[in-house]
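A.B. asks: this one's structure only:
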């Protein structure tokens, strides 16, 4: 024995971790922050969301807004995917750590330990509505797939840069949406005897495979939906061009 | 021979000191070996609970550089030469001496769970796909690292309201068993307090058996609780189409 410190409790301070535990929640906080600021700006901008029949995912489907409604049509749509992501089991982990610091990282003390109720009382008890937001997200996703079809086939086969970006976005959004934990439960996770329903078991296995990479799908699709809107905005504003790669008329 | 510097908590009942020891490093050494070296060469009174030294008994749970871990599974070569290695007892349970804590609360919780309840005339033949999910949960070695890292127990000390991840796994293993007939959902919601879990996944991160505690046990149980208590539309539709 060489050295002794003063008498103490075995666990004092925030943590004894000496690695970069703050990095992951920090990156999440910055990443979400950037997306939320951009999406809010775009929803208020109410412009540059159409290129002919092509429409930005933030404004699709194109809904008429009543005269008394002070905001853009994006507000009538975005609450659905936003609710789906806000109640998503992966995002819950991410933002509870990054913004609520509850806890910021494993083995690191939570911020504010008084009155913790978890997800048992308002507002967090509403996380239990995740499956309803899943149904709404599937509806919105179906519309986005229709938009891809329109972008590619409205004037014969017309594969442009924007239509390919929209296609990639829909693939990523589908991987994220259908790999969701609520869907995993709905397709068969609630069963105890898979041998009674082999079809459901196969579907559950497929969704489970998607679900294993749910975090990756979540981030890639968040980026892709933002990037798709950004590219459409730039083309609509005349900043970027939208070259046609394979034209058939 | 290179040396490691270990800061080990020494003391009883939550009061003590971090004492520093120098331990020669050998190839393949784990932190538990270093603790044994200290016992043999510096102070035989150093208290540590251990048994198999093969990461299967779950006895040597502690916190190494602030991360809950099995001492016997924490390799010394993952630390930089000269890096100080802090070894503490687990935080969530009452401290007894040095690295030993009293984890008996867990055994009391376990008694509250409705045990496996097969039907009297159960057909004991079932298929691999029926039992595979449950087999993952059977890997649990009851090291209670998940209980230690769970902030509901660790920081909020809500042992009155939450059974903890270990027992969510046990309840999931029973609820998902193809031959079990008991319904524990009310108990999972109210007694076990599954709503206290905000799925920040630390239990999964520290599990030495790589059980996907959150994704495969807690979230599926949360979804079953939603079926029963928070999804009136789904319940209504089920009552129509399935006659339940």
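C.D. replies: Alright, I've got the coordinates. Given the structure is predicted, the values throughout are model-derived calculations rather than measurements. Numbers count the residues shown, from 1 in each chain, chains lettered A, B, ... in the order given.
A.B. asks: use CA for all of it now, contacts and neighbours both
C.D. replies: Will do.
A.B. asks: Give the rounded mean pLDDT of stretch A:188-202.
C.D. replies: Stretch A:188-202 carries an average pLDDT of 95.
A.B. asks: how about that stretch, does it get close to chain B?
C.D. replies: Yes - part of stretch A:188-202 sits near chain B under the criterion CA under 8 Å from any CA of the partner chain, namely A:189-195.
A.B. asks: Now that stretch: buried residues?
C.D. replies: Under the neighbour-count criterion of 16 or more other CA atoms under 10 Å in any protein chain shown, stretch A:188-202 has A:188-195, A:200-201 buried.
A.B. asks: now these as CSV including secondary structure?
C.D. replies: Converted to CSV, the buried residues of stretch A:188-202 look like this (DSSP: H, G, I helix; E, B strand; the rest coil):
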residue, secondary structure
A:188, helix
A:189, helix
A:190, coil
A:191, coil
A:192, coil
A:193, coil
A:194, helix
A:195, helix
A:200, helix
A:201, helix
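A.B. asks: Tell me how far the closest residue to residue B:1 other than its chain neighbours lies from residue B:42.
C.D. replies: For residue B:1, ignoring the flanking residues on the chain, the nearest one in space by CA to CA, 6 or more residues apart in numbering or on different chains is residue B:24 at 6.3 Å. Using CA to CA, to the nearest Å, residue B:24 is found at 13 Å from residue B:42.
A.B. asks: And the two? Which one has more around it.
C.D. replies: Counted by other CA atoms under 10 Å in any protein chain shown, residue B:24 and residue B:42 do not tie: residue B:42 has more neighbours, with 16 against 12.
A.B. asks: And the buried residues of stretch A:188-202, which is closest to residue B:64?
C.D. replies: residue A:189 (36.5 Å; CA to CA).
A.B. asks: pretty sure the closest one is touching residue B:220, no?
C.D. replies: Yes - look at residue A:189 against residue B:220 with CA atoms under 8 Å: they come within range, at 7.0 Å.
A.B. asks: what pLDDT does residue 2 get?
C.D. replies: No chain was given, so I picked chain A. Value listed for residue A:2 in the pLDDT field: 56.
A.B. asks: actually it's chain B I care about, not the one you picked
C.D. replies: So residue B:2 comes in at 88 (pLDDT).
A.B. asks: measure it to residue B:24 for me?
C.D. replies: From residue B:2 over to residue B:24 (counting by CA to CA), the distance is 6 Å.
A.B. asks: what do the two both touch?
C.D. replies: Listed contacts common to residue B:2 and residue B:24 are nil; contacts here mean CA atoms under 8 Å, 6 or more residues apart in numbering or on different chains.
A.B. asks: Would you mind pulling the contact partners of stretch A:190-200?
C.D. replies: Applying CA under 8 Å, 6+ apart, the contact partners of stretch A:190-200 are A:187-188, A:201, B:127, B:129-130, B:175-178, B:220, B:224.
A.B. asks: Check these and tell me the two furthest apart.
C.D. replies: Greatest spacing in the contacts of stretch A:190-200, by CA to CA: B:127 and B:224 (22.7 Å).
A.B. asks: Of these two, which one has the most company?
C.D. replies: residue B:224 (22 against 13).
A.B. asks: my guess is that one contacts residue B:185, does it?
C.D. replies: Yes - counting by CA under 8 Å, residue B:224 does reach residue B:185; the two are 7.4 Å apart.
A.B. asks: Skipping adjacent residues, who's closest to residue A:14 in space?
C.D. replies: Excluding the flanking residues, the one nearest residue A:14 by CA to CA, 6+ apart is residue A:109, at 5.0 Å.
A.B. asks: just residue B:58 next, same as before
C.D. replies: Per CA to CA, 6+ apart, closest to residue B:58 is residue B:143, 3.8 Å.
A.B. asks: ok, how many other residues are close to residue B:33?
C.D. replies: 20.
A.B. asks: all strands of chain B, in order?
C.D. replies: With DSSP state E, the ranges of strands along chain B come out as B:3-12, B:15-24, B:61-64, B:67-70, B:84-88, B:95-97, B:100-101.
A.B. asks: Let me know which of these is the nearest to residue A:90.
C.D. replies: With CA to CA, the closest approach to residue A:90 among those belongs to strand B:67-70: 22.1 Å.
A.B. asks: could you say what helices and strands the closest one packs with?
C.D. replies: In terms of contacts (3 or more CA pairs under 8 Å, 6 or more residues apart in numbering or on different chains; DSSP states H and E), strand B:67-70 is packed against strand B:61-64, helix B:145-149, helix B:202-206.
A.B. asks: Which neighbours in the sheet does it have, and how are they oriented?
C.D. replies: Sheet pairing for strand B:67-70, assigned by DSSP bridges, gives strand B:61-64 (antiparallel).
A.B. asks: which residues touch the strand it pairs with?
C.D. replies: B:68-71, B:74, B:85-90, B:99, B:143-145.
A.B. asks: And for stretch B:196-204?
C.D. replies: By CA under 8 Å, 6+ apart, the list of residues contacting stretch B:196-204 from outside reads A:89, A:92-94, A:96-97, A:103, A:105-106, A:117-120, B:145-147, B:149-150, B:152, B:161-162, B:165, B:210-214, B:218-219.
A.B. asks: I'd like to know which of those residues are buried.
C.D. replies: A:89, A:92-94, A:96-97, A:103, A:105-106, A:117-120, B:145-147, B:149-150, B:152, B:161-162, B:165, B:211-214, B:218-219.
A.B. asks: Just the ones of those in helices?
C.D. replies: Those of those mapping onto helices are A:89, A:92-94, A:96-97, B:145-147, B:149, B:152, B:165, B:219, per DSSP state H.
A.B. asks: Now flag whichever of these is closest to residue B:112.
C.D. replies: Closest to residue B:112, out of all of these and judged by CA to CA, is residue B:165, at 14.8 Å.
A.B. asks: lowest confidence element among the helices and strands of chain A?
C.D. replies: Lowest on mean pLDDT, DSSP states H and E among the helices and strands of chain A sits strand A:3-4, with a mean of 63.
A.B. asks: What residues of whichever helix or strand comes after that one count as buried?
C.D. replies: As assigned by DSSP states H and E, the chain's next helix or strand after strand A:3-4 is helix A:23-45. For helix A:23-45, the neighbour count (16+ other CA under 10 Å) marks A:25, A:28-29, A:32, A:39, A:42-43 as buried.
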